[in-house]
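1. Can you look at this prediction? I've put the sequence above it.
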Amino acid sequence: MPEAFRDHLGEALATVQRDVPTLAAELARAVGDRVIEIQVDGTPFWVGVGPLGVELRGHDDGCVAWGTASGEAIDALLNGEKTLEEAVFDGSVQLRGALNDLVALDQGLRVFVQCAVRAPGILPILASWNARKKEAT
Amino acid sequence: MNTQPPGWLDLAVQRTDWFRRPPSRVGGRPGFKEWQHFCIYGRDFDLLLNLSEVDPVATTGSPVVRLTALARYDRWFGNVETIPAEEVNIRAGRMHAEFGSSSIRYQDGRYRLNVKCRSIPVEAELELQPHSMPAPIYNVMTGDGPPIHWVVLPRLVAHGVVRLDGTEHRLDGTPAYHDHNWGHFRWGRDFAWEWGFGLPQDPANPWSFVFARLSNRKLTRTRMQTLFLWKGRRVHRAFRDANIRIEHHGLLRADRVLKVPPVMGLIARGTATDVPARMSIEAWSDDTRLEASFTPKDIAQVVLPNDDDFGVTIINEVAGDLEVRANVAGERVELTCPTIFEFLGA
């Protein structure tokens, strides 16, 4: 199982392509031709639409939106301890970009969650992400 | 005291309340949903437990079994847990299910409910003895889809142990409620519902109350409404449609709304809901006049992905206070109790 958030997200994107391909096409539509740089716990990675849909990409200088968070901040969102708005306001999640690109990023997040909750293969990935926390303590 | 219910009541429960199970398991129609719903009212806590088995949304495959647990002292906490298929054993035609570390069965005149949540500190080891006749309500039309079916037992008595957030509660005659729903309805279609119940803390008070209303999604057209008043074990009065008036007054604005599963809070954001600040219900017949008022206090939302689109269906589980006053053929009815009403909508 993967360890870093990047690897979990990569697996999750591949899983929604496999389990709910029709819905995953909506995710690709939401992201469009944008490339997004995400940085979790200091490690940057890039997300964009490839031949199979939304996927992790190699380093890309053409990003239009940036998101930065810690693994802890992502846990707080997934566990409902904090809303996305609260995380943005307290700075634990930072988003940068032009307004229309941030709106697309937000729409992409919503569609991704909609895909993920319908994809049976997501549960083990989520369990693996949560397990890293237990291992750390 | 935990006593044996009369044979006729035991038989009525056995004949109405059993797992139907998804026909898709044997090549039948997909899109089935079924759940067993229990509410327990301790002196200082509420506990809602719901075991569901549903055909998956947007994919084919085996039905998915989930346990929803919501508990509250002054605020709701809870979660929805998906039970791995290899840990599920549900027997069709009986009230018998083992799921993860939990189980439900009906045996020797009582429900035996053992729940051990894996993600939150909620455990229960309970015997729930029916004290009222079940009311089966079959073939309720939901508008543009197949009908929904419902069996309700408004009044049970709970004995056992509940552990919530590290605190153990011993129950000895605590009031409890149970219902069971099933059908092929699809989340997100043109229907909404609201229902609620009232059962007294004082066991000497013989009255129990249940109402339900099904409407279109916009809440502009009522398709069915019903209200039952039990006296002791039997339904004493039943009201339908034109003999019931339900009104919403204002809108409840909470500073916090629990959303489960928590990840759905990333989609269904904010605290605005269409739950009323107060709800009034009137019902009447030739010899009866009933007035009820429900005042919500705290909301938990179970957020479900729609079956046919990217929307969500929100089930608002609303803790609050109920007052029922009625005159039934000259007999005065008074019922004041904490309760949980449910409001389903977009």
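-> On my side now, so go ahead.
2. residues contacting the residue nearest the centre of chain A?
-> What sits nearest the mean C-alpha location of chain A, by Cα atoms, centre = their mean, is residue A:9, with 5.8 Å. With contacts defined as Cβ atoms under 8 Å, 6 or more residues apart in numbering or on different chains, residue A:9 is in contact with A:38, A:45, A:47, A:56. Bear in mind the C-beta positions are built from the backbone N, C-alpha and C, glycine included.
3. Could I get those in a markdown table, plus columns for neighbour count and secondary structure?
-> Formatted as a markdown table, these follow (neighbours: other Cβ atoms under 10 Å in any protein chain shown; DSSP: H, G, I helix; E, B strand; the rest coil):
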| residue | neighbour count | secondary structure |
| --- | --- | --- |
| A:38 | 20 | strand |
| A:45 | 20 | strand |
| A:47 | 26 | strand |
| A:56 | 17 | strand |
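4. Check chain A for the residue nearest chain B and tell me.
-> Chain A approaches chain B most closely through residue A:80 (2.7 Å), counting by Cβ to the nearest Cβ.
5. returning to what we had before: I'd guess the residue nearest to the centre of chain A is in a helix, am I close?
-> Yes: using DSSP: H, G, I helix; E, B strand; the rest coil, the assignment for residue A:9 is a helix.
6. which residues touch stretch B:325-333?
-> Under Cβ under 8 Å, 6+ apart, the answer for stretch B:325-333 is B:207, B:229, B:231, B:236-237, B:287-292, B:324, B:334-335.
7. related to what we said a few turns ago, let me know the closest of the contacts of residue A:9 to residue B:241.
-> residue A:47 (53.5 Å; Cβ to Cβ).
8. for the closest one, what are its contacts?
-> A:9, A:13, A:31, A:35-36, A:38, A:54-57.
9. Please name the bridge partners of it.
-> residue A:36, residue A:56 (DSSP bridges).
10. That one and residue B:34, how far apart?
-> 39 Å (Cβ to Cβ, to the nearest Å).
11. since we're on the spatially closest residue to residue B:217 that is not a sequence neighbour, how many residues are nearby?
-> Nearest residue to residue B:217, sequence neighbours excluded (Cβ to Cβ, 6 or more residues apart in numbering or on different chains): residue B:190, at 4.9 Å. Residue B:190 is flanked by 14 other residues according to other Cβ atoms under 10 Å in any protein chain shown.
12. so who does residue B:190 touch?
-> Contacts of residue B:190 by Cβ under 8 Å, 6+ apart are B:142-144, B:216-217.
13. where does it land on pLDDT?
-> Listed pLDDT for residue B:190 reads 90.
14. Let me see the contact set for the residue of the stretch 1-150 of chain B found nearest chain A.
-> Chain A sits closest to residue B:58 of the stretch 1-150 of chain B, with a gap of 4.2 Å, by Cβ to the nearest Cβ. Residue B:58 makes contacts with A:20, A:22-23, A:118, B:305, B:307, as judged by Cβ under 8 Å, 6+ apart.
15. Kindly reformat those as JSON lines and extend each row with neighbour count, secondary structure and distance to residue B:51.
-> Below are the contacts of residue B:58 laid out as JSON lines (neighbours: other Cβ atoms under 10 Å in any protein chain shown; DSSP: H, G, I helix; E, B strand; the rest coil; distance: Cβ to Cβ, whole Å):
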{"residue": "A:20", "neighbour count": "25", "secondary structure": "coil", "distance to residue B:51": "25"}
{"residue": "A:22", "neighbour count": "8", "secondary structure": "helix", "distance to residue B:51": "30"}
{"residue": "A:23", "neighbour count": "22", "secondary structure": "helix", "distance to residue B:51": "27"}
{"residue": "A:118", "neighbour count": "20", "secondary structure": "helix", "distance to residue B:51": "21"}
{"residue": "B:305", "neighbour count": "22", "secondary structure": "strand", "distance to residue B:51": "19"}
{"residue": "B:307", "neighbour count": "21", "secondary structure": "coil", "distance to residue B:51": "20"}
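16. so how many other residues sit close to the closest residue in space to residue B:60 that isn't next to it in sequence?
-> Counting by Cβ to Cβ, 6+ apart, residue B:60 lies nearest to residue B:30, which is 7.2 Å off, once chain neighbours are set aside. Using other Cβ under 10 Å, residue B:30 has 14 other residues around it.
17. What of the one 4 residues further on?
-> Under the neighbour criterion other Cβ under 10 Å, residue B:34 is assigned a count of 21.
18. re the thing from before, apart from its chain neighbours, what residue comes closest to the residue of chain A closest to chain B?
-> Residue A:80's closest residue in space is residue B:262 (Cβ to Cβ, 6+ apart), at 2.7 Å.
19. can you pull the contacts of the one you found?
-> Residue B:262 neighbours (Cβ under 8 Å, 6+ apart): A:78-81, B:79.
20. Any residues of the stretch 151-300 of chain B in contact with chain A? List them.
-> By Cβ under 8 Å from any Cβ of the partner chain, the part of the stretch 151-300 of chain B that sits against chain A consists of B:258-267, B:269.
21. re the thing from before, which one (most neighbours) among the contacts of residue A:47?
-> residue A:54 leads the contacts of residue A:47 on contacts (other Cβ under 10 Å) with 26 neighbours.
22. show me the contacts for it.
-> A:13, A:24, A:27-28, A:31, A:47-48, A:108, A:112.
23. ok, residue B:221 to residue B:214 distance?
-> For residue B:221 relative to residue B:214 (Cβ to Cβ), the value is 10 Å.
24. Among these two, which residue is more densely surrounded?
-> Shown here are residue B:221 and residue B:214; by other Cβ under 10 Å, residue B:214 has more neighbours (21 against 11).
25. Would you enumerate the residues in contact with that one?
-> Counting by Cβ under 8 Å, 6+ apart, residue B:214 has contacts B:140-142, B:148, B:191-193, B:222-225.
26. if you set the cut-off to 10 Å instead, what comes out?
-> B:140-143, B:148, B:191-195, B:221-226, B:344 (Cβ atoms under 10 Å, 6 or more residues apart in numbering or on different chains).
27. These in strands, which ones?
-> Applying DSSP state E to these, the entries found in strands are B:140, B:148, B:192-195, B:222-226, B:344.
28. What residue in the stretch 151-300 of chain B comes nearest to chain A?
-> Counting by Cβ to the nearest Cβ, the stretch 151-300 of chain B gets nearest chain A through residue B:262, at 2.7 Å.
29. and that residue, what are its phi and psi?
-> phi -60, psi -30 (degrees, to the nearest 10).
30. Give me the pLDDT for it.
-> Taking residue B:262 on its own, its pLDDT is 95.
31. what do you get for residue B:336?
-> 95.
32. how much space is there between it and residue B:74?
-> 19 Å.
33. okay, these two: which has more neighbours?
-> Each of residue B:336 and residue B:74 has its neighbours counted (other Cβ under 10 Å); residue B:336 has more, 15 against 9.
34. Select the helix or strand of chain A having the lowest average pLDDT value.
-> helix A:122-136 (a mean of 85; mean pLDDT, DSSP states H and E).
35. How about that one and chain B, touching?
-> Yes: under the criterion of Cβ under 10 Å from any Cβ of the partner chain, chain B is reached by helix A:122-136 at A:122-124, A:126, A:130.
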